[in-house]
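*Asks:* Give me a 3D structure for the following:
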Amino acid sequence: MIISASRRTDIPNYYSEWFLNRIREGFVCVRNPMNVHQISRIPLSPDVVDCIVFWTKNPANMLDKLDLLKDYQYYFQYTITPYGKDIERNIPDKNGVVIPVFKTLSEKIGSERVIWRYDPIFFSEKYTPEYHLRAFRKIAGELKGYTQKCVISFVDIYRKNKKRLEEANAAPPVGDELWDFCKELKEIADSCGMELATCTEKIDLTPLGITHNSCIDRNLIEKLLGCKIISKKDKNQREECGCVESIDVGAYNTCMNLCTYCYANFSVDNVLKNQLEHNVNSPLLCGDIGPGDTIHDRSVSSVKAGPEQLNLWEI
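*Replies:* Alright, predicted model coming up:
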């Protein structure tokens, strides 16, 4: 089993104490987003958790707690963009905090296990292509040697973020502008020794040498584990997504980063309300188990290939 922590919220930044309490107790509970009274109880034993994928914009709160994960394989999807407080409301200073934390994390766990995400990309009167290219060159230069891959994507407009993006006059790059822009990003990434890849994009940029990425990455996980895994493409993600199956232990409407482009928060009011219900000792990220809830023990197992499967892979 692969744990995603989390596409829905920034667990390392805001909920690391809760998550590590779950590791200590050996299980976590997750509400079904479509039916809040249905709860899955998921074991977190190292015997069944093959890898943990963390998603974050600032994992400073975890740097002194990584020893608690010594029995697990894990890696970080770490987002650093050039947007200001008008877009990423609660992200600290990039030069003073976010980039130094990235470097420290990389030094602790290795550059292969810290993937830089420069996403989502949008253009506006303030955040022009030229602005992005200057910022990308600066950040890439800072992170040279501290990561092996940079992942990009272009902003998607959903019902949940449409109004906020319209207010920011944000639009994704298109046509020749997109190709010219990505060509320059690739040249910068190459100069800093980084592979450049896209996340869940329909457009094929492989002629530029930009690959399609998998955030829950079969190849990386197999390399970390030292063996093949038996896992299917995640059917719950979009068609363009190359991720393998994982179980997400986060919750919507809980991310305090409050980014304008976020698809996981419906409103600031919902986030603030859920923050008040967070309990670091609860098996749930938000709130507690109530009398009307039904708990289902989810059947999980390791996805490591056994000896017979390994032989098949070697044929």
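*Asks:* Any buried residues in stretch 176-183, and which?
*Replies:* Burial within stretch 176-183, assessed by neighbour count using 16 or more other C-beta atoms under 10 Å, is assigned to Leu178, Phe181, Cys182. From N, CA and C alone the C-beta is placed, and that goes for glycine too.
*Asks:* which element is the first one on?
*Replies:* If I follow you right, that is Leu178. helix 175-191 (DSSP states H and E).
*Asks:* Give me the mean pLDDT for that helix.
*Replies:* For helix 175-191, mean pLDDT rounds to 96.
*Asks:* Tell me the helix or strand right after it.
*Replies:* Using DSSP H and E, the next helix or strand after helix 175-191 towards the C-terminus is strand 195-198.
*Asks:* quick one: average pLDDT of that next one?
*Replies:* 96.
*Asks:* what does stretch 134-153 give?
*Replies:* 98.
*Asks:* before we move on, back to that, in terms of distance to Val97, which of the buried residues of stretch 176-183 ranks first?
*Replies:* Top of the list for closeness to Val97, among those and by C-beta to C-beta, is Phe181 at 27.5 Å.
*Asks:* so the spatially most central residue of the chain bridges to which residues?
*Replies:* With distances taken as C-alpha atoms, centre = their mean, the residue of the chain nearest its centroid is Trp55 (3.0 Å). Per DSSP bridges, the residues bridged to Trp55 are Gln77.
*Asks:* In contact with it, which residues are there?
*Replies:* Trp55 sits next to Ser4, Ala5, Ser6, Arg7, Asp10, Ile11, Pro12, Phe76, Gln77, Thr79, Cys215 when contact means C-beta atoms under 8 Å, 6 or more residues apart in numbering.
*Asks:* and which of those residues is nearest to Lys103?
*Replies:* Using C-beta to C-beta, Phe76 comes nearest to Lys103 of the contacts of Trp55, at 12.6 Å.
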